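Student: Output the structure for:
(one chain, ligands or ions: 1)
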Amino acid sequence: MGLRTVEAAGRGSPDQARPAGPDDCLSVREGRLHVEELDVVDLAARFGTPLFVLSETQLRRNVRRFRAAFAAEWQGPVDVMPAFKANTTLASRSVLTDEGAGADVYSPGELAGVLSTPVDRTLVSVNGGGKSRDYLARCVSEGVRITVEDVDEIDLIQAVSAEQGRTAKIRLRVKPTVPNLWRPTDFSQLTLPIDLAIQVYKSGIPSEYLVSMGRRAIAAPNIDLVGLHVHQGRHHASLWFWEGLMSRFGKLAGELVAAWDGWRPQEIDIGGGWPSPRDPLNEELPRRDFVVTALGFPFLAGLRALGAGMYHRVTSRLLPVLSSHRFREAPPSIEQYAAAAVRTLLRELKAASVPTEGVRLQIEPGRSLYGDTGIHLTRVKTIKRQSQPFPYSWVLTDTTTFFLAGGHFERSRFRHVVANKADRPATMTADLVGHSCFADQIVLGARLPEVVAGDVIALLETGAYQESSASNFNALARPATVMVCGDQADVVRRAETMEDVYSRDRVPPRMLLFRDAQGDPIAMETRP
Ligand SMILES: *Cc1c(COP(=O)(O)O)cnc(C)c1O
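Tutor: Presented below is the predicted three-dimensional model:
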């Protein structure tokens, strides 16, 4: 049984898994969720919970599918350069290196991780602002691409490459103005329309500097300006967004080519920003927050005046409505994105007489490449219900939003499957919560089959950004990651121990004066 059937079994419960097509590593067999050939409940028993699980087969399939989709549209070579930050496990990086993929990296630590695998260095792009001289020198000596962000970076790169007697390959990260993208952004921490959200985002060189920076790079003896780069992230899941962004990027590229007399790009990098098939599309809390704060307070104030009984009766009806959620339609397929983005880009470049013969198209997918390669397993610890002053229920799990920080930061709502009851209909509603001292709301108003302590819940689409942004709040040790391939499963990042959690701490010796030779505390009155 595929996940489509699970959705039906959930009686239209919007949280239930969405089919991601025949290429999905997830399936339900005899009521149990499987990753590839392995029963998820067995994985939880074998490796413990909470646990991140990755599918090697899904990762390989995704990277091939990306390459094929864009190669079918672009009339030249296509390089897939996944964003390493989305999943920094070296095992997943090794899989990508084995598939011939390059990488987008954003820090010296990420560069070290990517270079620890035998990656093709010409397909590694070092992005980000504020790169230090040492970091740039390392980039030049390693022969990786440098994607320039800062106005003074060209001079620094020239200096370090001259010192090494090498030529640095660089690209300029541009930031087109996009007045055509006037819709709310999906990045819900920004309540701006996309055009303004792109302008206030720090990344990309402001257009006013581009012409002179390009000329400086072209004139620099130890720099080869090989291309242009744009990345704006996942503002909108529509093809409309990609057509709009690519049309403005193509126009800007045309203006630059005209201004840099005779210069031609060897590569054009359009970054990442596609959703994953079951993307939790950021609609969770803002709707509730907005309604409660902007519209709700005057209403609730009026309601309180009618007495506590009325207040609680109405709010108990209102909260589930605000917590319930209608997921949007599944986003377009990667083939549809490739067609929309590349056709628009080619049209604009042609109109601006930018030659594209032999030019490499580069893409840096993060979320869309890794998202559906991972799930997060958590066990139900206990269930709590109240009936007064109004009914409410919580399913307390052994994980926390602090381990799913990428999702929490973007206010995602994860789809979930009770792995050992995957074909049972949803009969109860409860907040799925984590065990930190915060409210730790993983899924508000989750629709669930009847769960009991010990049940294993899988949160879907956690392959990107979740593990890589996990923290140790409440001194919780971060969970392990296991990679599945067929019927095999290996720990690829071990769980932290308590020792790990405190391993960076040092207690200055003067504080130890308050203990006697046996290590027992010295009473306050007898302290020196
Ligand atoms: C984060 C990032 C990406 C990947 O973005 P997604 O939205 O995850 O696809 C690509 N390129 C750069 C420069 C990035 O910073």
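
Student: C-alpha from now on. contacts and neighbour counts both.
Tutor: Fine.

Student: Now for residue 397: which residues touch it?
Tutor: For residue 397, the contacting residues are 378, 379, 380, 381, 382, 432, 433, 434, 435, by Cα atoms under 8 Å, 6 or more residues apart in numbering.

Student: What is the neighbour count of the closest residue to residue 487 other than its chain neighbours?
Tutor: In space, and not counting its chain neighbours, residue 487 is closest to residue 37: 4.9 Å by Cα to Cα, 6 or more residues apart in numbering. Neighbour count of residue 37, defined by other Cα atoms under 10 Å: 17.

Student: Residue 37 against residue 56, yeah?
Tutor: No: using Cα atoms under 8 Å, residue 37 is not in contact with residue 56, being 11.9 Å away.

Student: now the residue nearest to residue 487: how far from residue 481?
Tutor: According to Cα to Cα, to the nearest Å, residue 37 stands 17 Å off from residue 481.

Student: Residue 154 now?
Tutor: 40 Å.

Student: Could I get the contacting residues of residue 253?
Tutor: Residue 253 is in contact with 228, 349, 354, counting by Cα under 8 Å, 6+ apart.

Student: Which one of those residues is nearest to the ligand?
Tutor: Set against the ligand, the nearest of the contacts of residue 253 by Cα to the nearest ligand atom is residue 228 (12.0 Å).

Student: quick one on the thing from earlier: so can I have TSV of the contacts of residue 397 showing neighbour count, distance to residue 136 and secondary structure?
Tutor: Formatted as TSV, these follow (neighbours: other Cα atoms under 10 Å; distance: Cα to Cα, whole Å; DSSP: H, G, I helix; E, B strand; the rest coil):
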residue	neighbour count	distance to residue 136	secondary structure
378	26	42	strand
379	26	45	strand
380	22	48	strand
381	17	49	strand
382	15	51	strand
432	23	45	strand
433	23	44	strand
434	25	41	coil
435	18	42	coil
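
Student: Could you dump the residues you listed into JSON lines with distance to the ligand and pLDDT added?
Tutor: Output for the contacts of residue 397, formatted as JSON lines (distance: Cα to the nearest ligand atom, whole Å; pLDDT from 0 to 100):
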{"residue": "378", "distance to the ligand": "24", "pLDDT": "98"}
{"residue": "379", "distance to the ligand": "28", "pLDDT": "98"}
{"residue": "380", "distance to the ligand": "30", "pLDDT": "98"}
{"residue": "381", "distance to the ligand": "32", "pLDDT": "98"}
{"residue": "382", "distance to the ligand": "34", "pLDDT": "98"}
{"residue": "432", "distance to the ligand": "26", "pLDDT": "96"}
{"residue": "433", "distance to the ligand": "26", "pLDDT": "97"}
{"residue": "434", "distance to the ligand": "25", "pLDDT": "97"}
{"residue": "435", "distance to the ligand": "28", "pLDDT": "96"}
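
Student: Farthest-apart pair in the residues you listed, please.
Tutor: Largest separation among these by Cα to Cα: 378 and 382, giving 12.1 Å.

Student: And the strands in the stretch 251-400 of the chain?
Tutor: Using DSSP state E, counting those that start in this stretch, the strands assigned to the stretch 251-400 of the chain run over residues 267-269, 360-363, 374-386, 392-397.

Student: Now do the same for the residue most central in space within the chain: helix, strand or coil?
Tutor: When Cα atoms, centre = their mean is applied to the chain, the residue found nearest the centroid is residue 465 (3.7 Å). Here residue 465 is recorded as coil under DSSP: H, G, I helix; E, B strand; the rest coil.

Student: Now it. Nearest residue, chain neighbours left out?
Tutor: Excluding the flanking residues, the one nearest residue 465 by Cα to Cα, 6+ apart is residue 86, at 4.4 Å.
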